[in-house]
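Peer 1: sequence first, then the predicted structure:
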Number of protein chains: 2
Amino acid sequence: MPVGTQGTVKAVPQGTLEDLGAQIILGNTYHLYLRPGHDLIARLGGLHQFISWPRAMLTDSGGFQVFSLSKLRKLTEEGVRFRSHLDGSSHMFSPEHSMDVQIALGADICMAFDECTEYPATEERAAESLKYTMLWAARSLQHFRENQHKVPWHGDVTLANPMNSDESPASQSLFGIVQGGMYPHLRRESAERLVEMDFDGYAIGGLSVGEPREFTRQIIAEVLPLLPTDKPRYVMGVGFPDEIVEYARMGVDMMDCVIPTRAARHGLLFTSTGRMNIKNKQFADDPNPPDLNCQCPTCSRYSRAYLRHLMQTGEPLGGTLNSIHNLAFYLTTMARLRTELDSGIGRVL
Amino acid sequence: MPVGTQGTVKAVPQGTLEDLGAQIILGNTYHLYLRPGHDLIARLGGLHQFISWPRAMLTDSGGFQVFSLSKLRKLTEEGVRFRSHLDGSSHMFSPEHSMDVQIALGADICMAFDECTEYPATEERAAESLKYTMLWAARSLQHFRENQHKVPWHGDVTLANPMNSDESPASQSLFGIVQGGMYPHLRRESAERLVEMDFDGYAIGGLSVGEPREFTRQIIAEVLPLLPTDKPRYVMGVGFPDEIVEYARMGVDMMDCVIPTRAARHGLLFTSTGRMNIKNKQFADDPNPPDLNCQCPTCSRYSRAYLRHLMQTGEPLGGTLNSIHNLAFYLTTMARLRTELDSGIGRVL
């Protein structure tokens, strides 16, 4: 899932994302709550309408950004009081408030309000953090079920909801988030209790927070078998191309990451032959497309020399064209993976 | 003509420019000479190939940017020695060198090397400045004619050259530039001598440099009748939508300006009902497209509320979508104008 933090996948027009085959994109609740505000977005019909994105969307709970971006956080059982990273204004996020905001934003998939345990964390700290996450998961679910009819597009039968295969009216879904740091028994406890609560899908959070990649893989391998296979299983915040391939083959259904777009804006391209820093001098007069095996709009039209020139001169088109290529690379990688997993071949790349 | 200073119309992909109907875009010789360098662009086949723009292009002479951007200029009859605004390195632009650079860049239309007289300027200063411009015009033309066969795409009969209606092979064209400040007799002298030299087209330069708009109009009105109507007549560096309509109706064939794209990046939109600062609070929850009478990709898909949000959050997509609208507004204005002038109606807007 390409990440559209503030209601835009940075530097890429929505029509281009559609052409690239993006089925679902992310919005960040923390950012959209602060600007332009969830009430305004709800008045305008919800996030799909506001940003003109007719396909699926997912919003996170806001928790991760509260912990990573905001200032002067105060955590209580009730929730988190924090100051905006933009203007220092004081705000409170609780499970109930996160649900209200996400229902107002109206993405197809909402996420329970959790605390993303930092890395490294002692077992005591991870257990303490998990206690909040589990309490908040239950309160998120209850508040969500009681209020999900308030979504701006409630009852609009024309809306596609990827979670509904039957004839039931479109509605939002809520995913629970497994935490527990790098401690398998905490992860297990978290997963089992969430599954008992019966969410619409399950995410593994608290990964890609600085831990060695081997730990990431181990936690995913521990947790996945505990989650029902008939519901989406989502690993949050990963990863590099080889990681998403590996995790998908382990059984992960969904992933999101800013890497393809953020790397692109810094000139790092992912290609069929590996990573390429397009700013390198060796590409200054290279007439070849970035990836000889890629049919994306960027590779179909532009040379490495031109992309390097755009980066050297700080031209905004550079970020756009690089992002288009990287997103195409990620999306075609996943599309190929889906086909090959469906066909039972197993060996993918 | 949309302006693509550094080989990109800022923030707008080439395919989008094509869809908008742009027939010709500008590149700035000064910028492209410094980065990535004209030799590199020539090695890669010329500017069309380098930036992937198959339609017509025009490069300016570099003179205007040398005078407005560079440091420590020293002007002699030979040319101008200056220091790069990027790294302070020392360079020399002469008429001959400007031609060599523009031939290497390989745009369809090149411009004679001139000195753009500042405003205000005394008559003595304007006459002195014009002396250089006229000397340099003759040297530009001679050097251009002697070397134009060195263009990277020389002899490629598949290339469209908007100046060639017959079967002759594609080649570059060179336009002379009328200067003379705000002094009609200097302008007249300049125009008559340039016409004697027999350029492929004629530009009126030294306008839009801070003078009152009434002066701009007067100079255009003075000079236009002195220029042959069977060759393109180009006013450089204008203007606002109402200006370009006015000048086109006076008989001007070509104009260029950064206004549509630069204004767009600052949130200023041109619409059928006037100017709109999309950053204004009144648009925060406005679900309407920027211009109710516009069918551009931006107005077809996005609301004022969303465009304002993109500006408020500093998202690069804001500059892109605003630029697309403003360019569409300019290009459709000119397309309508061409149709109505062709039909002899006269009254356009």
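Peer 2: Yep, it's here. Numbers count the residues shown, from 1 in each chain, chains lettered A, B, ... in the order given.
Peer 1: give me phi/psi at the one residue sitting closest to the centre of chain A?
Peer 2: What sits nearest the mean C-alpha location of chain A, by CA atoms, centre = their mean, is A:Asp256, with 3.5 Å. Main-chain torsions, A:Asp256, degrees, to the nearest 10: phi -140, psi 150.
Peer 1: which residue is the nearest non-sequential neighbour of it?
Peer 2: Counting by CB to CB, 6 or more residues apart in numbering or on different chains, the nearest residue to A:Asp256 once its immediate chain neighbours are dropped is A:Met1, at 4.1 Å. To be clear about C-beta, it is placed using only N, CA and C from the backbone, and glycine gets the same treatment.
Peer 1: do A:Asp156 as well
Peer 2: Closest to A:Asp156 by CB to CB, 6+ apart is A:Ala170, at 6.1 Å.
Peer 1: surely that neighbour meets A:Trp153?
Peer 2: Yes. The criterion here is CB atoms under 8 Å, and A:Ala170 meets it with A:Trp153 at 6.9 Å.
Peer 1: list the contacts for the most far-flung residue of chain A relative to its centre?
Peer 2: Residue farthest from the centre of chain A, counting by CA atoms, centre = their mean, is A:Asp285 at 36.5 Å. Counting by CB atoms under 8 Å, 6 or more residues apart in numbering or on different chains, A:Asp285 touches A:Ala305, B:Leu40, B:Arg43, B:Leu44.
Peer 1: drop anything exposed from those residues.
Peer 2: Buried by 16 or more other CB atoms under 10 Å in any protein chain shown: A:Ala305, B:Leu40, B:Leu44, out of the contacts of A:Asp285.
Peer 1: so which of those belong to helices?
Peer 2: A:Ala305, B:Leu40 (DSSP state H).
Peer 1: turn the buried ones among the contacts of A:Asp285 into a markdown table, including distance to B:Gly210.
Peer 2: Formatted as a markdown table, the buried ones among the contacts of A:Asp285 follow (distance: CB to CB, whole Å):
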| residue | distance to B:Gly210 |
| --- | --- |
| A:Ala305 | 38 |
| B:Leu40 | 35 |
| B:Leu44 | 38 |
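Peer 1: can you put the buried ones among the contacts of A:Asp285 in TSV and add distance to B:Ala22 and pLDDT?
Peer 2: Shown next, in TSV, are those (distance: CB to CB, whole Å; pLDDT from 0 to 100):
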residue	distance to B:Ala22	pLDDT
A:Ala305	23	98
B:Leu40	25	98
B:Leu44	22	97
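Peer 1: quick one: neighbours of A:Pro289, just the number.
Peer 2: 21 (other CB atoms under 10 Å in any protein chain shown).
Peer 1: which residues of the stretch 51-200 of chain A lie near chain B?
Peer 2: Residues of the stretch 51-200 of chain A that fall close to chain B, judged by CB under 8 Å from any CB of the partner chain: A:Ile51, A:Ser52.
Peer 1: where do the helices of the stretch 51-200 of chain A begin and end?
Peer 2: For the stretch 51-200 of chain A, the helices defined by DSSP state H, counting those that start in this stretch cover A:63-68, A:95-105, A:123-147, A:184-197.
Peer 1: pick the most deeply packed of these.
Peer 2: helix A:95-105 (a mean of 25; mean count of other CB atoms under 10 Å in any protein chain shown).
Peer 1: which one's the longest helix in chain A?
Peer 2: helix A:316-342.
Peer 1: next one: it to chain centre, how far?
Peer 2: How far helix A:316-342 lies from its chain's middle: 15 Å, per CA atoms, centre = their mean, to the nearest Å.
Peer 1: what's the answer for stretch A:279-296, then?
Peer 2: 29 Å.
Peer 1: now that stretch - C-alpha only, PDB.
Peer 2: Coordinates of each C-alpha in stretch A:279-296 appear next as PDB, following Å, rounded to 0.1, in the frame of the first residue of the first chain:
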ATOM      1  CA  LYS A 279      22.300  11.100  -8.300                       C
ATOM      2  CA  ASN A 280      25.600   9.300  -9.000                       C
ATOM      3  CA  LYS A 281      27.900  10.900 -11.500                       C
ATOM      4  CA  GLN A 282      28.000   7.700 -13.600                       C
ATOM      5  CA  PHE A 283      24.500   8.300 -14.700                       C
ATOM      6  CA  ALA A 284      25.100  11.900 -15.900                       C
ATOM      7  CA  ASP A 285      25.200  10.900 -19.600                       C
ATOM      8  CA  ASP A 286      23.400   7.500 -19.400                       C
ATOM      9  CA  PRO A 287      20.700   7.500 -22.000                       C
ATOM     10  CA  ASN A 288      19.100   4.200 -20.700                       C
ATOM     11  CA  PRO A 289      15.900   4.200 -18.700                       C
ATOM     12  CA  PRO A 290      16.300   3.600 -15.000                       C
ATOM     13  CA  ASP A 291      15.300   0.000 -15.200                       C
ATOM     14  CA  LEU A 292      15.700  -1.800 -18.600                       C
ATOM     15  CA  ASN A 293      13.000  -4.300 -17.600                       C
ATOM     16  CA  CYS A 294      10.400  -1.800 -16.500                       C
ATOM     17  CA  GLN A 295       7.400  -0.500 -18.500                       C
ATOM     18  CA  CYS A 296       6.400   2.200 -16.100                       C
END
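Peer 1: which secondary structure state does the residue farthest from the centre of chain A sit in?
Peer 2: With DSSP: H, G, I helix; E, B strand; the rest coil as the basis, A:Asp285 sits in coil.
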